[in-house]
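Asks: Structure for the following, please:
(one chain, ligands or ions: 1)
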Amino acid sequence: MANFAYQTLISPESDQRYDLNEIVSASSDAYSLLDVEYEWDKIPVPKSLKEFESRWQNRRNPLDFSGVWRFRDLLPFAPENQIVTIGEGQTILQKSEAIGRYVGMKKGELHLQYEGLNPSGSFKDNGMTAASTHANMMGAKFAACASTGNTSASLAIYGSTSKKFRVVVFIGSGKIAYGKLSQALDFDSKTIQILGDFDDALVRVREVCDENGIYLCNSVNPFRLEGQKTIMYRVLESLNWEVPDWIVVPGGNLGNSSAFGKAFSELKYLGLIDRIPRLAVINATGANTLYQLYEKQGVRWNQGHPDRKKIDSYFEKMDTEGRKANTLATAIEINRPVNLTKCLRALEVCDGVVREVSDQDILNAKAQIGANGFGCEPASAASVAGAKLLRSEGVIGSGDRVVCILTGHQLKDPNITVGYHSANKEVFEKTLGEHGVTKAPYANQPIAVENDLEKILELLSQFGKKE
Ligand SMILES: *Cc1c(COP(=O)(O)O)cnc(C)c1O
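Replies: All right, here's what the predicted structure looks like:
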């Protein structure tokens, strides 16, 4: 069992250290810089990643069944009897020839990591099991988050299944995909809708958490990122512990990309991998803060001292111009990514790049993913659209091995899918028009036909001919 007493949280900028059980003000700026740091030399760690395979034989133990906690040696902050798990992380890595061709891989391989297969339908469960565990360790009565949808769905399912704490969810009054909102309501969380967008809701929930001693579960919570590291462990496991050339992931609040960077730098430090893959973080054009700062303004991690002036003036300008995030990929519709600094560290560790893709490109990629696999929600498809862009630029080589993370389930946001495939111009316009989506080259339109057997058979016979 882990020597959990050794762990501390550090803030990379101030180097201030906190005890694992200390309450840190959720609204302070330093909070989003907290990092779970382990004293690895005092913790027993497997000699090889292959050792984790023995856990497969012990699936009746919920901790070994979980795709997160069977790697608990690599996130050893919790005593085993306090871990809150609901069987998260049973996800698969699927090699896709068709999406590989779409992206432009010639000799190389393209893999899709389907994180939508988690209990609440998104990768968020990887992190929420860890945050719920820490909330449980702290004896929290309430847990809260602000959400564009999936975070609340995930926290709500952990509340309803574990009954360890009650859940309060803050959502903005703008767009929220109905699949996600329905989950928060169905899982019996208190849902508070404020007049504002996600960025506004997050500021408020952090204040509320300070006032009332409520446990904060947004991705500023460093324990969430610990759980999300395991997505990378599972990717490696599926590749027989071989390191791919690229990990491509959509970027919203930048928790996932930050967690991936931490996972790889720890594995390298522990001698469990011999090289680190490159990381590509993909923004939507309508929510492209990371792209602007990293690619256009050259902001870098700089050993924990990124150029704060550039960052601050970027946000000031955004505020004076009243610019709000705007993309139909609602899960990444975020202009103030709270994990910006940590993501800069991940980009440094992984020799990373950042790109932006339009909503049109996102939806085309999403249609291709759906036509050739398990499907995903719009934000997830940014990874494939981004890989295609990087391939066309020659940044990703045609022989590379690429893993695109599909962050959320197809059924999270059915309106957009139906809008894209709709034969009805009005429906298409209403759902997608305001986002500059004008074409649907991969639309699979429903076909109207008279209620007449002969006409239906006639129609079916034409399908055969076409293919
Ligand atoms: C939360 C979320 C993202 C964004 O991930 P970050 O860690 O915030 O960058 C992307 N896709 C889906 C489906 C999400 O739920």
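
Asks: Just the strands from this structure, written as ranges.
Replies: Remark: strands assigned in the chain by DSSP state E are 8-10, 17-19, 35-37, 92-95, 109-114, 142-147, 166-171, 190-193, 215-216, 246-250, 278-284, 353-357, 401-406.

Asks: Tell me the buried residues in the fourth one?
Replies: Same thing as strand 92-95. Using 16 or more other C-beta atoms under 10 Å as the test for burial, strand 92-95 gives 93-94. C-beta here means a position set from N, CA and C on the backbone, and glycine is covered the same way.

Asks: Which elements pack onto it?
Replies: Here strand 92-95 touches strand 109-114, helix 222-238, going by 3 or more C-beta pairs under 8 Å, 6 or more residues apart in numbering; DSSP states H and E.

Asks: closest one to the ligand among those?
Replies: helix 222-238 (7.3 Å; C-beta to the nearest ligand atom).

Asks: any idea of the angle that closest one forms with strand 109-114?
Replies: 140 degrees (axes from the mean of the first three to the mean of the last three C-alpha atoms, to 10 degrees).

Asks: Could you tell me which residues make contact with whichever residue of the stretch 1-150 of the chain sits closest to the ligand?
Replies: Relative to the ligand, the nearest point of the stretch 1-150 of the chain is N150 (3.3 Å; C-beta to the nearest ligand atom). With contact taken as C-beta atoms under 8 Å, 6 or more residues apart in numbering, N150 is in contact with 120-122, 124, 180, 331, 407-408, 412.

Asks: now the helices: where do they sit in the stretch 1-150 of the chain?
Replies: 62-65, 97-103, 124-137, 150-162 (DSSP state H, counting those that start in this stretch).

Asks: Show me what from the stretch 251-400 of the chain comes close to the ligand.
Replies: 251-256, 331-332, 377, 379-380 (C-beta under 6 Å from any ligand atom).

Asks: So which of the residues you listed belong to helices?
Replies: Cross-referencing these against helices under DSSP state H gives 255-256, 379-380.

Asks: now the residue lying closest to L185 once chain neighbours are set aside: how far from S182?
Replies: Nearest residue to L185 in three dimensions, chain neighbours excluded: T191, at 6.1 Å (C-beta to C-beta, 6 or more residues apart in numbering). Noted for T191: a distance of 11 Å to S182, by C-beta to C-beta, to the nearest Å.

Asks: quick one: which of the two has more around it?
Replies: Each of T191 and S182 has its neighbours counted (other C-beta atoms under 10 Å); T191 has more, 17 against 14.

Asks: leaving aside the residues next to it on the chain, what's closest to S238?
Replies: With sequence-adjacent residues excluded and distances taken as C-beta to C-beta, 6+ apart, S238 is closest to L93, at 3.6 Å.

Asks: who's that neighbour bridged to?
Replies: Q113 (DSSP bridges).

Asks: coming back round to it: by pLDDT, give me the weakest of the contacts of N150.
Replies: Taking pLDDT as the measure, these have their low point at K180 (89).

Asks: Is that one in contact with K412, as I believe?
Replies: Yes: assessed by C-beta atoms under 8 Å, K180 is found in contact with K412 at 5.7 Å.

Asks: Overlap in contacts, those two.
Replies: Shared contacts of K180 and K412 (C-beta under 8 Å, 6+ apart): 149-150.

Asks: ok, the residues of the stretch 251-400 of the chain next to the ligand vs D200, which is closest?
Replies: For those, the closest approach to D200 (C-beta to C-beta) belongs to N253, at 14.1 Å.

Asks: Check the closest one and give its pLDDT.
Replies: Predicted confidence (pLDDT) for N253: 94.

Asks: Would you mind measuring from it to T151?
Replies: To T151, N253 is 9 Å away according to C-beta to C-beta.

Asks: again with A443
Replies: Per C-beta to C-beta, A443 is found 31 Å from T151.

Asks: ok, now G370?
Replies: Counting by C-beta to C-beta, the gap from G370 to T151 is 24 Å.

Asks: returning to what we had before: so which of the contacts of N150 is the closest to D41?
Replies: Closest approach to D41 among these (C-beta to C-beta): K124, at 32.3 Å.

Asks: In this model S154 seems to touch that closest one, though I could be wrong.
Replies: Yes: K124 is within contact range of S154, at 3.8 Å (criterion: C-beta under 8 Å).

Asks: quick one: common contacting residues for these two?
Replies: Common neighbours of K124 and S154 (C-beta under 8 Å, 6+ apart) are N118.

Asks: Low-confidence bits of the stretch 201-350 of the chain, can you list those?
Replies: Within the stretch 201-350 of the chain, the stretches with pLDDT under 70 are 213.

Asks: and the residue nearest to K106 when sequence neighbours are not counted, how many residues sit next to it?
Replies: Spatial nearest neighbour of K106, excluding adjacent residues (C-beta to C-beta, 6+ apart): S398 at 3.9 Å. S398 has 13 neighbours, counted by other C-beta under 10 Å.

Asks: L293 contacts L340, correct?
Replies: Yes: using C-beta under 8 Å, L293 is in contact with L340, at 7.5 Å.

Asks: Next, show the common contact partners of the two.
Replies: Listed contacts common to L293 and L340 are I311; contacts here mean C-beta under 8 Å, 6+ apart.

Asks: Around the ligand, which positions in the stretch 51-200 of the chain sit nearby?
Replies: Checking the stretch 51-200 of the chain against the ligand by C-beta under 6 Å from any ligand atom, the hits are 122, 124, 150.

Asks: Output those in a markdown table; the columns should cover distance to I276.
Replies: Formatted as a markdown table, these follow (distance: C-beta to C-beta, whole Å):
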| residue | distance to I276 |
| --- | --- |
| S122 | 26 |
| K124 | 25 |
| N150 | 27 |
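
Asks: and which of the residues you listed is nearest to Y233?
Replies: Nearest to Y233, judged by C-beta to C-beta, of those is K124 at 17.1 Å.

Asks: For that closest one, give me its contacts.
Replies: Residues in contact with K124, defined by C-beta under 8 Å, 6+ apart, are 118, 150-151, 153-154.

Asks: quick revisit: when G370 and T151 are compared, which one has more neighbours?
Replies: Each of G370 and T151 has its neighbours counted (other C-beta under 10 Å); T151 has more, 32 against 18.

Asks: hey, C-alpha coordinates of stretch 272-289 in PDB?
Replies: This file holds the C-alpha atoms of stretch 272-289, laid out as PDB (Å, rounded to 0.1, in the frame of the first residue of the first chain):
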ATOM      1  CA  LEU A 272       9.500   2.900 -17.000                       C
ATOM      2  CA  ILE A 273       9.700   4.400 -20.500                       C
ATOM      3  CA  ASP A 274      12.700   5.400 -22.600                       C
ATOM      4  CA  ARG A 275      11.200   8.200 -24.600                       C
ATOM      5  CA  ILE A 276       8.300  10.600 -24.500                       C
ATOM      6  CA  PRO A 277       5.800  11.000 -27.300                       C
ATOM      7  CA  ARG A 278       5.100  14.400 -28.800                       C
ATOM      8  CA  LEU A 279       1.900  16.100 -27.800                       C
ATOM      9  CA  ALA A 280      -0.500  18.100 -30.000                       C
ATOM     10  CA  VAL A 281      -3.200  20.100 -28.200                       C
ATOM     11  CA  ILE A 282      -6.000  21.200 -30.500                       C
ATOM     12  CA  ASN A 283      -8.200  24.300 -29.800                       C
ATOM     13  CA  ALA A 284     -11.400  25.200 -31.600                       C
ATOM     14  CA  THR A 285     -10.900  28.500 -33.500                       C
ATOM     15  CA  GLY A 286     -13.600  30.100 -31.400                       C
ATOM     16  CA  ALA A 287     -11.800  29.300 -28.200                       C
ATOM     17  CA  ASN A 288      -8.100  29.500 -29.000                       C
ATOM     18  CA  THR A 289      -6.300  31.100 -26.100                       C
END
